[in-house]
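Peer 1: No letters, just coordinates:
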């Protein structure tokens, strides 16, 4: 099954990641590659760069910032292909940010071919 | 018997017929194993439950006419499996259909519990189901409901009544939980290695919660809820049987039995009877003996844990022929160990009570007052009533009355409220 690991973190507290932290991200990404489970993943610029788009009555409305102002914001994601939720939880727990902010694990929807 | 199949009484409405009694027995004893075997084959909780329920209905219809088959449980299992094949064939989900049909077609669903080797080691399917129902990815409410439904075999309506929610609410809760298991890929497996201990902890806490829901039942709810105690004990027995090397499982079963042994004596005339005032001849001594023996066995396994210690404490209370003969110093020692493992305010409160009962009332009161300082126990009526009791014993009547008032203000349990009110009414003119 494929799972998206959505990485939430406190942006103001996190700041620029240290070299030590970057090394840890690199390490876990490499572990995913070596285990053959990594299907994708990206890091996002902070929510100060976000633009939220809504369409109301056919009109495009944009606002500056994320759709919800919460303490922890989505900062990036991985997609892993693993046998079950337990395995996905294990990978989520290994992410360096997991000690600070939550990681949401969501199964990726697969559509029937038939 | 539990569940939908309990409509198996014979038409006369009197004693059930022989076939109906066999259906009842198979439902009670073998249903969990049959459902678990099917879940392993088809990986779908809802499908497995539905077809097993159908098979029991069919048995109720057929057996009185055709006679009880030589292997009743096998008949139910086979009938359920055929129905599952039927339903899968008709389903729209083509993708996994072929593989599923092959598995269901090839396999015989075992009629009685069997230990099957899997990637998680040799485990009974019922244990796999239990760990899946108690997966931490599910909410506590969902874990409890699923465990009672899938492993315990209670009907949705019975669970709804026991937890005082509407049938539809409970139905939705179960449907959502089963959908999450399916869609989120919660595995049908007993975790291995270091993952086992915390997961077993969740399983045991779910069973203890079920037990306590039943134990805390008020008088008017008693009929529907005390069944939860029986069910929790039955499930704990299953875990002990299937995981004999886990002392905490044994400790939990012992703790439940020792509490349950006092069920008859702990409420009289709609009022809570304190342990020291209970009629000890009304305690269930067979249950006490079994519980005490289990504690000893568990402690001999050499891995002590909170359930074992609590059970050991309960055993000391249960074994005392009279309140005055209680081994309070030993109880203090056990609470001291428990506090080291789980330093919660409630454990500290209990230790303070034990210290007072062991003879040092001022010392116990001092501990309680220190505990009360941060306010975390302010809304806990037992804190105030325990404090009130020590103050009363010290002759500080006015302060004691005030503490009972505070207990009453935060207690919503009708039976316990009645007790507190009576205690308050015993104070005449406040002196001190």
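Peer 2: Thanks, I have it. All figures in this text were calculated on a predicted structure; none of them were measured in a lab.

Peer 1: So which elements touch the longest helix along chain A?
Peer 2: What stands out as the longest helix in chain A, according to DSSP state H, is helix A:19-35. Here helix A:19-35 touches strand A:38-43, strand A:72-81, helix A:85-94, going by 3 or more CB pairs under 8 Å, 6 or more residues apart in numbering or on different chains; DSSP states H and E. From N, CA and C alone the C-beta is placed, and that goes for glycine too.

Peer 1: Not counting stretch B:201-218 itself, show me its contacts.
Peer 2: The contact list for stretch B:201-218, computed with CB atoms under 8 Å, 6 or more residues apart in numbering or on different chains, reads B:130-131, B:133-136, B:140, B:143-144, B:147-148, B:162-163, B:224-233, B:235-236, B:239, B:248-249, B:252, B:255-256, B:259-260, B:263, B:307, B:413-415.

Peer 1: Distance from the chain centre to the longest helix of chain A, please.
Peer 2: Relative to the chain's own centre, helix A:19-35 is displaced by 15 Å; criterion: CA atoms, centre = their mean, to the nearest Å.

Peer 1: outside of the helix or strand hosting residue B:52, which residues touch it?
Peer 2: Here residue B:52 sits within helix B:45-66, counting by DSSP states H and E. Helix B:45-66 is touched from outside by B:3-5, B:7-8, B:17, B:19-20, B:22-23, B:26-27, B:31, B:34-35, B:38-39, B:42, B:69, B:72, B:75-77, B:79-81, B:83-84, B:87-88, B:146, B:149-150, B:175, B:178, B:181-182, with contacts defined as CB under 8 Å, 6+ apart.

Peer 1: Check the burial of residue B:176 by counting its neighbours.
Peer 2: 14 (other CB atoms under 10 Å in any protein chain shown).

Peer 1: repeat for the one 5 residues further on
Peer 2: Residue B:181: 26 surrounding residues under other CB under 10 Å.

Peer 1: tell me the contacts of it?
Peer 2: Counting by CB under 8 Å, 6+ apart, residue B:181 has contacts B:45, B:132, B:135, B:138.

Peer 1: In helices only, show me those residues.
Peer 2: Those of the contacts of residue B:181 lying in helices (DSSP H): B:45, B:132.

Peer 1: Looking at pLDDT only, which of the contacts of residue B:181 scores worst?
Peer 2: Lowest pLDDT of the contacts of residue B:181: residue B:45, 89.

Peer 1: What about that residue, how many residues nearby?
Peer 2: Residue B:45: 25 neighbours (other CB under 10 Å).

Peer 1: nearest residue to it other than its sequence neighbours?
Peer 2: Excluding the flanking residues, the one nearest residue B:45 by CB to CB, 6 or more residues apart in numbering or on different chains is residue B:178, at 4.5 Å.

Peer 1: Pretty sure the one you found sits against residue B:146.
Peer 2: Yes - in this structure residue B:178 lies within contact range of residue B:146 using CB atoms under 8 Å: 7.4 Å.

Peer 1: Quick one: find the helix or strand in the chain with the lowest mean pLDDT.
Peer 2: No chain was given, so I picked chain A. Least confident helix or strand of chain A, by mean pLDDT, DSSP states H and E, is helix A:11-14 with a mean of 70.

Peer 1: right idea, wrong chain: chain B
Peer 2: strand B:115-118 (a mean of 61).

Peer 1: the inter-axis angle of the longest helix of chain A versus strand A:72-81?
Peer 2: Between helix A:19-35 and strand A:72-81, the angle comes out at 30 degrees (axes from the mean of the first three to the mean of the last three CA atoms, to 10 degrees).

Peer 1: Tell me where the stretch 1-150 of chain B has helices.
Peer 2: B:18-42, B:45-66, B:72-90, B:97-106, B:125-133, B:140-146 (DSSP state H, counting those that start in this stretch).

Peer 1: Could you list everything residue A:80 pairs with in the sheet?
Peer 2: For residue A:80, the beta-bridge partners are residue A:3, residue A:38 (DSSP bridges).

Peer 1: which residues touch it?
Peer 2: Residue A:80 neighbours (CB under 8 Å, 6+ apart): A:2-3, A:5, A:32, A:37-39, A:88, A:91.

Peer 1: Touching stretch B:141-155 from outside, list them.
Peer 2: For stretch B:141-155, contacts defined as CB under 8 Å, 6+ apart pick out B:2-4, B:27-28, B:31-32, B:35, B:45, B:49, B:126, B:129-130, B:133-135, B:138, B:156, B:158-159, B:162-163, B:170, B:173-174, B:176-178, B:180, B:202, B:206-207, B:209-210, B:213, B:228, B:231, B:234-235, B:238.

Peer 1: where does the chain have low pLDDT?
Peer 2: Let's take chain A. Scanning chain A with the threshold set as pLDDT under 70 gives A:13-15, A:112-114.

Peer 1: meant chain B actually
Peer 2: B:1-16, B:92-96, B:106-122, B:217-225, B:428-432.

Peer 1: Show me where it has its strands.
Peer 2: B:115-118, B:121-124, B:267-268, B:271-272 (DSSP state E).

Peer 1: Now do the buried residues in stretch A:29-45.
Peer 2: Along stretch A:29-45, these residues count as buried under the neighbour rule (16 or more other CB atoms under 10 Å in any protein chain shown): A:32, A:37-38.

Peer 1: residue contacts, residue B:265?
Peer 2: By CB under 8 Å, 6+ apart, the residues touching residue B:265 are B:273, B:278-280, B:282-283.

Peer 1: again, 6 Å this time
Peer 2: B:278-279, B:282-283 (CB atoms under 6 Å, 6 or more residues apart in numbering or on different chains).

Peer 1: Relative to residue A:34, how far out is the residue lying closest to residue B:338 once chain neighbours are set aside?
Peer 2: Once flanking residues are discounted, residue B:338 sits nearest to residue B:309: 4.6 Å by CB to CB, 6+ apart. For residue B:309, the distance to residue A:34 equals 44 Å [CB to CB, to the nearest Å].
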